[in-house]
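*Asks:* Make a model of this:
(2 chains)
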2 protein chains.
Amino acid sequence: MKILVLGGDGYLGWPTALHLSAAGHTVAVADNFARRGYDHELGVESLVPIEPLQARVAVWKELTGADISVFVGDLTDPVFCHRIIAGFRPDAVVHYAEQRSAPYSMIDRAHAVYTQHNNVVGNLNLLFAIAETDPDIHLVKLGTLGAYGTPNIDIEEGWLEVEYKGRRDKVPYPMRPGSFYHLSKVHDSHNIEFACRVWNLRATDLNQGVVYGQQTEQTARDERLATRFDYDAVFGTVLNRFVIQAVLGHPLTVYGTGGQTRGMIDLRDTVRCIQLACENPADRGEYRVFNQITESMTVQQMAETVAAASPDQVAIEHLDNPRVELSGHYYNVTHTKLIDLGLDPHLLSGTLIESLFEITKRHAHRVGTGLGEARRAGLGRAGLGWAGRAGPGRWPQAGRPTRRARLVTAWPK
Amino acid sequence: MKILVLGGDGYLGWPTALHLSAAGHTVAVADNFARRGYDHELGVESLVPIEPLQARVAVWKELTGADISVFVGDLTDPVFCHRIIAGFRPDAVVHYAEQRSAPYSMIDRAHAVYTQHNNVVGNLNLLFAIAETDPDIHLVKLGTLGAYGTPNIDIEEGWLEVEYKGRRDKVPYPMRPGSFYHLSKVHDSHNIEFACRVWNLRATDLNQGVVYGQQTEQTARDERLATRFDYDAVFGTVLNRFVIQAVLGHPLTVYGTGGQTRGMIDLRDTVRCIQLACENPADRGEYRVFNQITESMTVQQMAETVAAASPDQVAIEHLDNPRVELSGHYYNVTHTKLIDLGLDPHLLSGTLIESLFEITKRHAHRVGTGLGEARRAGLGRAGLGWAGRAGPGRWPQAGRPTRRARLVTAWPK
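*Replies:* Next comes the predicted model:
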């Protein structure tokens, strides 16, 4: 198959491109390097050094003989967006090319508007480009499990069978997300469902949980193929961040009781899920949703798991929760559709955590670079929160855009 | 109360401003005149001539002695948006300032992106401006009943009490709208619900049905206070359009069987609903939704009602429906909250239709202006569809942006 990976320079996009290439598909990637730009803005960087995209692609060619085409541009540019779809003519488009941090979207008004504009308009341009080029092209869209919020009923895969006052219907699952970023994904999902319904497009919306891990079989072949490993409070995901805190001898910092439950997935399963979605496309006119997680844990359980796997003594510190979220709540997420397609999950294990310890130790000397810049940029604790005075992830307080409103989110990333 | 009406130059915004002023409130209006710009773009105009906003305001001052302040600018400009909220310091903001035509949003990619960008970003800027200035300011937001789509269960007012697998929750009502315009309102609603939940703002989201009528007690006082009366296929609403077709001796054109049911409301009730919402604000942190309709009818019933009220013989013509929508479906909309606040509805009557006949006859010589321009602008039947070969509202076919995708909507406007 011909598969175009949008956002193919990112934490997940790059390993996905390699995985699909290794599986024998013809792969192209597109990126505007916005993610590398956020590093400059925030004064942070990946713990593991990453090569320029062109170098990554050259190394992969050298190792495997396989070509990965590179398109550089922005999906909010409709001409670029149309050109890559019409030019490459993919069978499937994997769409990672969105601003994907909840804290980033909550920094201030400008970041909220940027996030929703960038994500919603890019995705709209993509829907039109597919409809205009070939409505058979399968859109594989990355969404987020956080879009659902924490309802008191089971979270189903995108649709809900309701019985109400003696009548029945299958309706889009109600969404109550916790940041302007998560809201942008909710907006995308509504736009995509509409495009499938009225234009007869085909789409898979992958509501993914918190991803952990840093290596896949392909990225591990050469250090120049490494993907990002983020530990800052804006782009670092919670489990990866705990590992780095443990290695550095910092306490693992948990909001409130840590009773917030979240769905999780190993990076190696993410790339496999994308492959399964591409190779088993949605039907024409079908808008299907998969909950892309393999297990659920509370934040406290994640901290305890990391602490238990650490060779050193590790403390867990509970901070006041600056976010409006329930610290203990019902959470039961259905996630059977990817299993039905053949996913054989890697559950969180000591082995995985040990390999993350090893990676972290190798690069620990890089920690902390750029903190000063983040402060100078006025982002305060938003920049490198966890290394700062107030502990990890306390992004909203210092960088908040408003005089009176508390800018808080319900998302634990 | 101090009330700021955003979009105060429009079909509903202007009569609302007058109604609130007549009720003794201190009123300001803001507008960027985008609505007047769409007329130029499409080569159409209001059947009833309208005065410039500054002239309207001067006439109102002359008649009543009451001042209405005018702010000219665009909500997508965050500086303007912040300035009018912080400067005027309203108790309530009535937000009409969005692109409000489904067909317009479906003309092509550029119009879809414009609509979502304009509406979503303007509303985001407004949420931030309120949160920054004073979270006590009550946002009264115009939404659309079309956001719900046509579910097979009762449509409740914004929230749904669900029982699922033995557990219960109150969740946002699932949305499945029929155009990029309607989707923009769904996006707004999700953003507003979030802002109420995490910033403790107060908001009333008015999911309004199709509005008909052209006069209120205030606009009828002087012809220079008249509001718009649109009959084109892009901005004209279905009942007003039927009246004009009847007066001109054209057949009333109905898509398919006309079995599509829609909620409706008289313009005089719209302005009264806004007053009730402003004078009975939502609580702090409350996101409440009112379904702003007074009755439901099928498109066929509307056509028959207009035909029956016409002094002349009127034909009803059924056209192939270019939209993906159900022509017969369950439709039961709860709308009790505004009644509870004191709304005494004007139901559709022969008297109202006769007054619309009278207004239409007086201005019938103005019909058709600009048709040539609309065609030259490449909009084809989108411009003045109902006067064109294929009948009213067949906007998507000629102006469609895509080679293959059918750009269709589920909305009968």
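
*Asks:* Show me the shaky parts of chain A.
*Replies:* Chain A contains residues with pLDDT under 70 at A:368-413.

*Asks:* Could you pick out the residues of the stretch 1-150 of chain A near chain B for me?
*Replies:* Contact residues, the stretch 1-150 of chain A versus chain B (CB under 8 Å from any CB of the partner chain): A:78, A:109-110, A:112-113, A:116-117, A:120-121, A:124-125, A:128, A:131-132, A:134-135. Backbone N, C-alpha and C define where each C-beta goes, glycine included.

*Asks:* again, only using 10 Å
*Replies:* A:76, A:78, A:81-82, A:106, A:108-110, A:112-117, A:120-122, A:124-125, A:127-136, A:147-150 (CB under 10 Å from any CB of the partner chain).

*Asks:* do the stretch 201-350 of chain A as well
*Replies:* Residues of the stretch 201-350 of chain A lying close to chain B (CB under 10 Å from any CB) are A:201, A:285, A:323, A:324, A:325, A:330, A:332.

*Asks:* Between the residues you listed, which sits nearest chain B?
*Replies:* Set against chain B, the nearest of these by CB to the nearest CB is residue A:324 (4.4 Å).

*Asks:* ok, that closest one touching residue B:195?
*Replies:* No. Judged on CB atoms under 10 Å, residue A:324 makes no contact with residue B:195 at a distance of 11.2 Å.

*Asks:* Could you tell me which residues touch both of the two?
*Replies:* residue B:285 (CB atoms under 10 Å, 6 or more residues apart in numbering or on different chains).

*Asks:* Between the two, which has more neighbouring residues?
*Replies:* A direct count of neighbours by other CB atoms under 10 Å in any protein chain shown for residue A:324 and residue B:195 places residue B:195 higher, at 27 against 16.

*Asks:* need the contact list for the more buried one.
*Replies:* The contact partners of residue B:195, taken as CB under 10 Å, 6+ apart, are A:180, A:183, A:405, B:123-124, B:126-128, B:130-131, B:135, B:139, B:201-203, B:285, B:287.

*Asks:* neighbours of residue A:350, just the number please.
*Replies:* For residue A:350, using other CB under 10 Å, the count is 10.

*Asks:* quick one, helices of the stretch 201-350 of chain A?
*Replies:* Here the stretch 201-350 of chain A has its helices, by DSSP state H, counting those that start in this stretch, at A:238-248, A:267-279, A:299-309, A:337-340, A:350-363.

*Asks:* how many neighbours does residue A:347 have?
*Replies:* Neighbour tally, residue A:347, other CB under 10 Å: 11.

*Asks:* nope, residue A:170 is what I meant
*Replies:* 12.

*Asks:* and the angle from the helix or strand where residue A:132 lies to helix B:109-133?
*Replies:* Element membership for residue A:132 (DSSP states H and E) is helix A:109-133. Inter-element angle recorded for helix A:109-133 and helix B:109-133: 160 degrees (by axes from the mean of the first three to the mean of the last three CA atoms, to 10 degrees).

*Asks:* So which bits of the next helix-or-strand element following helix A:109-133 are buried?
*Replies:* The first helix or strand that comes after helix A:109-133 along the chain, using DSSP H and E, is strand A:138-144. Across strand A:138-144, burial judged by 16 or more other CB atoms under 10 Å in any protein chain shown covers A:138, A:139, A:140, A:141, A:142, A:143, A:144.

*Asks:* In PyMOL, how would I select the buried members of the residues of the stretch 201-350 of chain A next to chain B?
*Replies:* With 16+ other CB under 10 Å as the burial test, the buried ones among these are selected in PyMOL as follows:
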select buried, chain A and resi 201+285+323+324+325
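
*Asks:* okay, the residues of the stretch 201-350 of chain A next to chain B in a markdown table with distance to residue B:241 next?
*Replies:* Listed next are these as a markdown table, based on distance: CB to CB, whole Å:
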| residue | distance to residue B:241 |
| --- | --- |
| A:201 | 31 |
| A:285 | 31 |
| A:323 | 49 |
| A:324 | 46 |
| A:325 | 48 |
| A:330 | 49 |
| A:332 | 49 |
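
*Asks:* which of the residues of the stretch 201-350 of chain A next to chain B lies closest to residue B:280?
*Replies:* Nearest to residue B:280 among these: residue A:324, at 25.9 Å, using CB to CB.

*Asks:* Is residue A:187 in a helix, a strand, or coil?
*Replies:* Classification of residue A:187 by DSSP: H, G, I helix; E, B strand; the rest coil places it in helix.

*Asks:* and the gap between it and chain B?
*Replies:* Distance of residue A:187 to chain B, computed by CB to the nearest CB, to the nearest Å: 4 Å.

*Asks:* who touches that residue in this structure?
*Replies:* With contacts defined as CB under 10 Å, 6+ apart, the neighbours of residue A:187 are A:116, A:119-120, A:123-124, A:147, A:175, B:116, B:120, B:183-184, B:186-188, B:190-191.

*Asks:* can you check residue A:362 too?
*Replies:* Residue A:362 makes contact with A:47, A:48, A:223, A:247 under the criterion CB under 10 Å, 6+ apart.

*Asks:* nearest spatial neighbour of residue A:30, skipping sequence neighbours?
*Replies:* residue A:71 (4.0 Å; CB to CB, 6 or more residues apart in numbering or on different chains).

*Asks:* Am I right that the one you found is in a strand?
*Replies:* Yes. With three-state DSSP as the criterion, residue A:71 is located in a strand.

*Asks:* returning to what we had before: A ChimeraX selection for the residues of the stretch 1-150 of chain A next to chain B, restricted to the buried ones, would help me check which they are.
*Replies:* In ChimeraX, this line selects whichever of the residues of the stretch 1-150 of chain A next to chain B come out buried by 16+ other CB under 10 Å:
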select /A:76,78,81,82,106,108,109,112,113,114,115,116,117,120,121,122,124,125,127,128,129,130,131,132,133,134,135,147,148,149,150
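
*Asks:* To what extent is the residue nearest to residue A:30 buried, counted in neighbours?
*Replies:* 18.

*Asks:* how close does it get to chain B?
*Replies:* Counting by CB to the nearest CB - residue A:71 and chain B are separated by 19 Å.

*Asks:* same deal with residue A:68?
*Replies:* Counting by CB to the nearest CB - residue A:68 and chain B are separated by 28 Å.

*Asks:* Look at that residue and say how many residues are nearby.
*Replies:* Counted with other CB under 10 Å, residue A:68 comes out at 22.
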